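Asks: Sharing a model that was predicted from the sequence below.
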Amino acid sequence: MGLEEHLFPCDNCGADFRFAPGEDRLVCDHCGNTRGIESGPWSRSEAVVEQDLVGALRAGKGTAEIEETRTSTCPNCGARTEFDPAVHAKECPFCATPVVVDTGASRQIKPAAVLPFMMDEGEARAAMTQWLGSLWFAPSGLMDYARKGRKMSGVYTPCWTFDADTQTSYRGQRGTVYHERRTVTRNGKRETVNVPKVKWRRVSGRVARFFDDVLVVASTALPDWVRQGRIHWELTRLEPYQPEYLAGFRAEAYTIELEDAFGEARNVMDRQILRDIKFDIGGDRQRVEDVDTRLSDMTFKHVLVPVWIAAYKFRGRSFRFVVNGQTGQVTGERPWSAWKIAFAVIAGLIVAAIAGYLYAQGQVR
């Protein structure tokens, strides 16, 4: 699929349609014409097809459907977004760095599904402004930035999702806490105290868990706190991939390959399996000494999820704010205003001094 498939001319005036967030339709901002997005006689679960992970990892991209896109690359954060000749952006949406357009071709696994935008830019900006207003000791320019209504960038971010059935055998120890009474000397006095002890017993067992849609954000341009799970999308609302959903938005190309992403997903699975083992061991304390996990029915999907992004520069640094394009959840980095913090400290000291003075006056009387 080429980039041209993301452009949909209005059949009335010839201008480009854009996808209307929250609606299954395209809208022409020039003449107001609309067009519905066709959907087939399917259920989501039947249409969003899982792909065999083992086969894909063995054969590279050979077993997956491939698309070719043209991308621009940010020299600062490395973000690769699809180059759209209809969008004349001069800054990277992820870090506000000026970008020289690079129209190099990129061959990647085609998305299987997309989570459409559910909120438009105005709604995203309102959510961000409310969040910024709740920040203490933020520079005044930050709110000025929000009030000026600077344009936010709507970007479809690439993710991998993984399914796997796991069977785990383990060996470890179960600890039971008991108490022994001892006589000790404290401050010259002898007293009896209860001292906790742990009695360990060797155990072994098996746990099983099916993992469904373990999500790994496949973008290194987004901040670590986004990749570490501080933003959550409801993946039950995934739609089969159709380029119409991307009309009027940017789509970032993934920069984390399938094999590396699966390594991250395995870490997520292993942490959950360890919790399952400790729960299965029971008792008051647990020691896990050996874990042997077997995976089967491993599948993956390449999906696109929506975010609204704003980048704010303060004293030479870029600070990014991310709004979940589905739920409106806001998270971000924040600058601190040194003079506001200093003023608060000084004001606190003055209040403390006045309170101390009044207390002293009361004592004298």
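Replies: Ah, there it is.
Asks: which outside residues touch stretch 48-58?
Replies: 63-64, 112-113, 162-164, 238-240, 258-259, 262, 298-301 (Cβ atoms under 8 Å, 6 or more residues apart in numbering). All C-beta atoms are positioned from the backbone trio N, CA, C, and that covers glycine.
Asks: need the longest strand for the chain.
Replies: As assigned by DSSP state E, the longest strand anywhere in the chain is strand 153-186.
Asks: Identify all contacting residues around stretch 111-119.
Replies: Contacts for stretch 111-119 (Cβ under 8 Å, 6+ apart): 19, 21-22, 24, 48-51, 127, 154, 156, 158, 233-235, 237-242, 245-246, 249, 301-306, 308, 323, 325-328.
Asks: Narrow those to those in strands?
Replies: 19, 51, 154, 156, 158, 239-240, 301-306, 308, 323.
Asks: nearest to Asn187, of these?
Replies: Val323 (59.2 Å; Cβ to Cβ).
Asks: Hmm, Val226 and the closest one touching each other?
Replies: No: the pair Val323 / Val226 is not scored as a contact, 11.1 Å apart, by Cβ atoms under 8 Å.
Asks: Looking at those two, which has the bigger crowd around it?
Replies: Legend: neighbour count by other Cβ atoms under 10 Å for Val323 and Val226, higher for Val323 (28 against 20).
Asks: still on that earlier bit, can you list the helices and strands that the longest strand of the chain packs against?
Replies: Secondary-structure packing of strand 153-186 (3 or more Cβ pairs under 8 Å, 6 or more residues apart in numbering; DSSP states H and E): strand 189-217, strand 250-251, helix 258-281, strand 285-314.
Asks: Compare the mean pLDDT across these and name the weakest.
Replies: When the helices and strands packed on strand 153-186 are compared by mean pLDDT, strand 250-251 comes last with a mean of 86.
Asks: buried set for the longest strand of the chain?
Replies: Buried residues in strand 153-186, counted by 16 or more other Cβ atoms under 10 Å: 153-164, 166, 168, 170, 172-175.
Asks: Okay, Ala251 and Val155: tell me how far apart.
Replies: From Ala251 across to Val155, the span is 7 Å (Cβ to Cβ, to the nearest Å).
Asks: Any idea which of the helices and strands packed on strand 153-186 gets closest to Glu180?
Replies: That would be, of the helices and strands packed on strand 153-186 and by Cβ to Cβ, strand 189-217, which comes in at 5.0 Å.
Asks: Counting neighbours, which bits of the closest one end up buried?
Replies: Residues of strand 189-217 classed as buried: 203, 207, 209, 211, 213-217 (neighbour count, 16+ other Cβ under 10 Å).
Asks: which neighbours do Val323 and Val226 share?
Replies: Contacts common to Val323 and Val226, judged by Cβ under 8 Å, 6+ apart, are Val307.
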